[in-house]
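# Any chance you could fold what I've pasted below:
(chains A and B)
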Amino acid sequence: MRDAGLLSALLALSEVGFLKMAHSNTWTWNNQAFEAESLSAAIGALTSQPVIQDVRGFIQFVAPPIAENGAVVPVGIKVDERLRVRAIALLCEKNPRPLAAYYELSPEAVPFIRTRIKMRETASVIALVKTDEGFISADTLIKVTRGGCGG
Amino acid sequence: MARPMRIVAACDDSGLTTVRVLIRHDMETGFRKRKDGTLVPAHFIKNVMVRHGEKTVLSAEWGGGVSKNPSLFCYFRGGVPGDSVEVSWVDNQGESNQKSTLITRGTSD
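Numbers count the residues shown, from 1 in each chain, chains lettered A, B, ... in the order given. Prediction:
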C-alpha cells in the first residue's frame, strides 16, 4: 500500500513535469488542418465540436473591406473579453490552403490577434474562436483587387 | 545566419502590454512558380511563441498563407515596465531565432 502511494506520488510529479515541458519546449503544428484544401476540411481538423455562428457580435474584425494587394492583407480579430478565449484560428475561404494561422492564448493574453495574410482572390475571411463555452465563428468579405498567390 | 527580427514591448497606464514582432522571412507557400515553371520550395515559419518571464502568453501556428516578412501583435495583462518578453520562432526547414526585450512604458502602436 505504501508503495502504491509512493508510485502515484511519483507519477503525479512526472506528469506535472511533463506538462510543463510540453508547454515550454515543444512546438505543435496541426498538419491536418494546415494541409486541408477546403474550408470545411480545415475546420473539421480544428474541431469535432459544433461551431456556433457568432450572432451576438462577440467577434470583431479589424480589416479593410477592400485590399489592393492580396499578398499583404492586414487582418485583426478581436473577441469580447467577457469570453475566456482559448484559441483563435484565421482562415481564408478561397485560398489553396484555407487555414492561415492558429493562435493559442493564455489567460493573461487579451483576445486580440493581428497579422497579415495572403489572399488569392476576393473571399470570406473566417475567425474560428475556441472558448470555454464552445466554438464560435464569424466571417467578413474582403475584396481583393490584385491576388497574392500568383507566380 | 539568423534572420533579423524586431520586437517592441510597451505597457500603457492601464496595465496592457502590447508586443509587436516583425520577422524578415520569405514565407514561401510551395505553390509559387519561377519563370521557368519550377516550383519555389515551401519555406515558412510554422511556430511563433511569445513569453513573459516563464509564462507562454501566446503560441502561434502559421501556414504559408501568412504574408512575407510577417508581423505579429500580442496583447496581455500582468506585465510591468522592466519585465522581459521573449519571442522565438521556427520554420519548416528547421531555421529558428529568438530574441528578448524589456517592456518599456507607453504604447507601441
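# Dead centre of chain A: give me the residue that sits there.
A:Ala89 (1.8 Å; Cα atoms, centre = their mean).
# so where does it fall, helix or strand?
A:Ala89 belongs to strand A:85-92 when assigned by DSSP states H and E.
# now swap in A:Ala33 and tell me
Using DSSP H and E, the element containing A:Ala33 is helix A:31-35.
# Check which helices and strands that helix is in contact with.
Counting by 3 or more Cβ pairs under 8 Å, 6 or more residues apart in numbering or on different chains; DSSP states H and E, the packing neighbours recorded for helix A:31-35 are helix A:39-46, strand A:99-105. Just so you know, the C-beta spots here come from the backbone N, C-alpha and C atoms, and that holds for glycine as well.
# quick one, strands of the chain?
Went with chain A since none was named. With DSSP state E as the criterion, chain A has strands at A:51-53, A:59-62, A:66-67, A:73-79, A:85-92, A:99-105, A:112-117, A:123-131, A:134-144.
# other chain: chain B
With DSSP E as the criterion, chain B has strands spanning B:5-11, B:16-23, B:45-52, B:55-62, B:71-77, B:84-91, B:96-102, B:104-105.
# Let me have those in JSON lines, extended by mean neighbour count, distance to A:Val79 and mean pLDDT.
Below are those laid out as JSON lines (neighbours: other Cβ atoms under 10 Å in any protein chain shown; distance: least, Cβ to Cβ, whole Å; pLDDT from 0 to 100):
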{"stretch": "strand B:5-11", "mean neighbour count": "20", "distance to A:Val79": "21", "mean pLDDT": "96"}
{"stretch": "strand B:16-23", "mean neighbour count": "21", "distance to A:Val79": "15", "mean pLDDT": "96"}
{"stretch": "strand B:45-52", "mean neighbour count": "22", "distance to A:Val79": "17", "mean pLDDT": "97"}
{"stretch": "strand B:55-62", "mean neighbour count": "22", "distance to A:Val79": "14", "mean pLDDT": "97"}
{"stretch": "strand B:71-77", "mean neighbour count": "21", "distance to A:Val79": "11", "mean pLDDT": "96"}
{"stretch": "strand B:84-91", "mean neighbour count": "20", "distance to A:Val79": "22", "mean pLDDT": "97"}
{"stretch": "strand B:96-102", "mean neighbour count": "15", "distance to A:Val79": "26", "mean pLDDT": "96"}
{"stretch": "strand B:104-105", "mean neighbour count": "12", "distance to A:Val79": "27", "mean pLDDT": "96"}
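# out of the ones you listed, nearest to A:Val75?
With Cβ to Cβ as the criterion, A:Val75 lies closest to strand B:71-77 of the strands of chain B, at 11.1 Å.
# what does chain A have sitting close to chain B?
A:23-24, A:27-30, A:34, A:71-73, A:76, A:92, A:95-106, A:108-110, A:112-118, A:148-151 (Cβ under 8 Å from any Cβ of the partner chain).
# buried subset of those?
Among the residues of chain A next to chain B, those classed as buried by 16 or more other Cβ atoms under 10 Å in any protein chain shown are A:30, A:34, A:71-73, A:92, A:95, A:97-106, A:108-110, A:112-118, A:148-149.
# So A:Ala127 versus A:Ala138, what's the distance?
Distance of A:Ala127 to A:Ala138, given as Cβ to Cβ, to the nearest Å: 5 Å.
# got any residues that touch both of those two?
A:59, A:61 (Cβ atoms under 8 Å, 6 or more residues apart in numbering or on different chains).
# ok, the two, which is more surrounded?
Per other Cβ atoms under 10 Å in any protein chain shown, whichever of A:Ala127 and A:Ala138 has more neighbours is A:Ala127, with 23 against 19.
# how about the residue positioned nearest the centre of chain B, what does it touch?
Nearest to the geometric centre of chain B sits B:Val21, at 4.7 Å (Cα atoms, centre = their mean). B:Val21 makes contacts with B:5-7, B:48, B:50, B:71-74, B:87, as judged by Cβ under 8 Å, 6+ apart.
# which residues does the nearest residue in space to it that is not next to it in sequence contact?
Nearest non-adjacent residue to B:Val21, counting by Cβ to Cβ, 6 or more residues apart in numbering or on different chains: B:Leu72, 4.4 Å away. B:Leu72 makes contact with A:114-115, B:19-21, B:23, B:48, B:50, B:58, B:60, B:87, according to Cβ under 8 Å, 6+ apart.
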